[in-house]
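1. prediction below, plus the sequence it came from.
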Amino acid sequence: MRWAPSGVTAPGRAVLAAGMALAVAVVLSGCAILSTGQESSEAAGRRACGILPGGPDAASRWADLDAPLLRESLSAEGFTVDIRLVPAAEYSSAADDLLSGGCRVLLLTDQDGAGEPVALRAADRGVPVLAYDRPVTAADAAVGFDAGAIGSLAATALTDALTAAEVDPATAVIVTAPGDPSDPRSAEFTRGATETLEAAGAAPSRSLAGVWDEFRTGISFARALSALDGEIDAVWAADDANAAGAIDVLADSGAEGVIVVGQGASLTGLRNILLGRQTATVYTPVALEVDAAAEAAVALARGEEPATAAALDDGTPFIAVQPQIVGVDQVADVVADGGVTVGELCAGDVADACARHGLG
């Protein structure tokens with residue numbers, strides 16, 4: 001299933017501003033989830049449940065950002081909140097425990113296909129399911145960032161940088177470093193980037209084997225660079241780790257002025273941007289995704305369909321949260337949002353670069 005809504009326009013600041021204004025309006029309206037008189041069914045009537053990726057192999061964002069922000073935002077909407085962070089193998093038991101206690105709505109992030117059986121179990125109990133950040137078959141609605149738009153935004157940043165450097169995108173030597181093709185989001189990142197590059201008349205000179213791995217990307221990129229006799233203008237990478245793999249090889253080869261665009265606004269990516277080793281990254285603010293999820297959860301808890309004209313390929317209503325491009329001048333915005341701390345960002349050899357850009 002594509003994480004690609006129909007009728008969703010390319011990201012822009014105007015769209016993002018409109019989405020933020022809508023989220024604020026909903027919060028300020030003080031909508032009640034329950035009517036008065038339902039106080040006797042406190043457990044099921046006010047309980048928002050959630051299952052997010054957890055365990056040693058899960059990204060830190062789920063425990064550090066998504067879970068606490070979701071608890072805060074859902075609580076502000078009048079829910080009592082029970083969110084579990086568990087590995088895919090424990091999704092089934094976590095769902096049994098949550099659903100047996102009563103849930104008004106279930107927020108669910110898929111992990112290795114474990115989400116669909118949980119969604120079907122919730123449907124059997126009449127509990128609406130909101131797919132959070134990733135698509136889940138059988139969900140009642142979905143909220144997340146449009147992966148195709150993320151890939152497109154990164155490719156636009158790349159072609160814009162080429163043009164600014166007076167390099168014609170149509171003749172530029174570009175290497176792409178996609179993610180693991182088994183990940184549906186990876187395929188969408190690549191699709192969005194490819195369509196945007198083609199629209200600019202650009203085409204990859206080399207496309208590496210898709211992985212989510214800095215080291216393996218570096219090995220593949222070194223081979224590609226050698227095959228190109230060291231001639232390269234730009235790198236599009238599906239995430240900042242893959243970008244870092246290419247960046248290390250470029251540094252070892254002595255190449256200069258190569259445009260590198262990644263995705264994720266990771267600590268590594270932001271540090272590379274400040275050091276001038278990476279041109280840009282795509283930032284997906286978790287706080288905006290959380291606010292959109294809380295609004296959608298309120299609607300589902302009332303038995304309503306969330307207000308959106310967009311849908312996934314299977315018809316699931318989709319609330320698209322818009323990504324943002326981050327270059328050196330926008331790194332401070334990520335810090336202000338709490339995506340990274342100044343202490344983490346400006347440690348070691350990045351301290352001088354932080355000082356030059358008013359950080360630290």
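-> Here it is on my side, so go on. Numbering: from 1, shown residues only.
2. which residues touch Ala131?
-> By Cβ atoms under 8 Å, 6 or more residues apart in numbering, Ala131 lies in contact with 108-110, 115, 119, 139, 141-144, 316. In short, each C-beta sits where N, CA and C put it, glycine included.
3. how close does the nearest residue to Tyr91 once chain neighbours are set aside sit to Val81?
-> Excluding the flanking residues, the one nearest Tyr91 by Cβ to Cβ, 6 or more residues apart in numbering is Ala114, at 3.9 Å. Using Cβ to Cβ, to the nearest Å, Ala114 is found at 21 Å from Val81.
4. with Leu74 instead?
-> Leu74 is 5 Å from Val81, by Cβ to Cβ.
5. ok, these two, which is more surrounded?
-> Using other Cβ atoms under 10 Å as the criterion, Leu74 and Val81 rank with Leu74 on top: 27 against 19.
6. residues touching the more buried one, list them.
-> 48, 81, 294, 297.
7. quick check, the first one in contact with Ala296.
-> The reference is to Ala48. No. Using Cβ atoms under 8 Å, Ala48 is not in contact with Ala296; the gap is 11.2 Å.
8. quick one: low-confidence ranges for the chain?
-> 1-45 (pLDDT under 70).
9. the same query, at a cut-off of 50, please.
-> Residues of the chain meeting the criterion pLDDT under 50: 1-43.
10. what about Glu256, how many residues nearby?
-> Using other Cβ under 10 Å, Glu256 has 8 other residues around it.
11. assign a three-state SS to it, would you?
-> coil (DSSP: H, G, I helix; E, B strand; the rest coil).
12. and the strands in the stretch 51-200 of the chain, which stretches?
-> 80-86, 105-108, 129-132, 141-145, 174-177 (DSSP state E, counting those that start in this stretch).
13. now those strands in JSON lines, with distance to Gly201?
-> JSON lines is the format used below for those (distance: least, Cβ to Cβ, whole Å):
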{"stretch": "strand 80-86", "distance to Gly201": "45"}
{"stretch": "strand 105-108", "distance to Gly201": "41"}
{"stretch": "strand 129-132", "distance to Gly201": "36"}
{"stretch": "strand 141-145", "distance to Gly201": "27"}
{"stretch": "strand 174-177", "distance to Gly201": "11"}
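14. closest to Phe221 out of these?
-> Of all those, it is strand 174-177 that lies closest to Phe221, at 6.5 Å by Cβ to Cβ.
15. before we move on, the earlier item: what touches both of Leu74 and Val81?
-> Common contacts of Leu74 and Val81, defined by Cβ under 8 Å, 6+ apart, comprise Ala48.
16. who does Pro317 form a beta bridge with?
-> Ala311 (DSSP bridges).
17. does it touch Glu304 like I think?
-> No. Pro317 lies out of contact with Glu304 (Cβ under 8 Å); the separation is 10.6 Å.
18. from Val260, how far off is Trp238?
-> If you look again at residue 238, you'll see it is Ala, not Trp. 12 Å.
19. from Gly101, how far out is the residue nearest the centre of the chain?
-> By Cα atoms, centre = their mean, the chain has its centre lying nearest to Thr284, at 4.9 Å. Separation of Thr284 from Gly101 (Cβ to Cβ) stands at 31 Å.
20. same thing with Asp248?
-> 49 Å.
21. just Gln278 next, same as before
-> Counting by Cβ to Cβ, the gap from Gln278 to Gly101 is 46 Å.
22. could you check which of those two is surrounded by more residues?
-> Per other Cβ under 10 Å, whichever of Gln278 and Gly101 has more neighbours is Gln278, with 27 against 12.
23. so who does that one touch?
-> Counting by Cβ under 8 Å, 6+ apart, Gln278 has contacts 240, 243-244, 247, 260-262, 269, 272.
24. need phi/psi at it.
-> phi -130, psi 140 (degrees, to the nearest 10).
25. cool, and Val321?
-> The phi/psi pair for Val321 (degrees, to the nearest 10) reads phi -100, psi 130.
26. got it, and the one 5 residues further on?
-> Dihedral angles phi and psi of Val326 (degrees, to the nearest 10) take the values phi -130, psi 120.
27. quickly list what it is bridged to.
-> Beta-bridge partners of Val326, as defined by DSSP bridges: Thr281.
28. measure it to Ala193 for me?
-> As defined by Cβ to Cβ, Val326 lies at a distance of 17 Å from Ala193.
29. cool, Gly78 as well?
-> Distance from Gly78 to Ala193, by Cβ to Cβ: 41 Å.
30. one more: Leu108?
-> 28 Å.
31. now list the buried members of the contacts of Ala131.
-> The neighbour-count test (16 or more other Cβ atoms under 10 Å) applied to the contacts of Ala131 identifies 108-110, 115, 119, 139, 141-144, 316 as buried.
32. circling back to that earlier point, higher neighbour count, Gly78 and Ala193?
-> When neighbours are counted by other Cβ under 10 Å, Gly78 and Ala193 differ, and Ala193 comes out ahead with 27 against 15.
33. tell me if I'm right that that one and Trp236 touch.
-> Yes. Using Cβ under 8 Å, Ala193 is in contact with Trp236, at 5.6 Å.
34. out of the strands of the stretch 51-200 of the chain, flag the one nearest Glu289.
-> For the strands of the stretch 51-200 of the chain, the distance to Glu289 is smallest for strand 141-145, at 6.5 Å, taking Cβ to Cβ.
35. what about Pro317 and Glu304, which has more around it?
-> Taking other Cβ under 10 Å, Pro317 and Glu304 do not tie; Pro317 has more neighbours (22 against 12).
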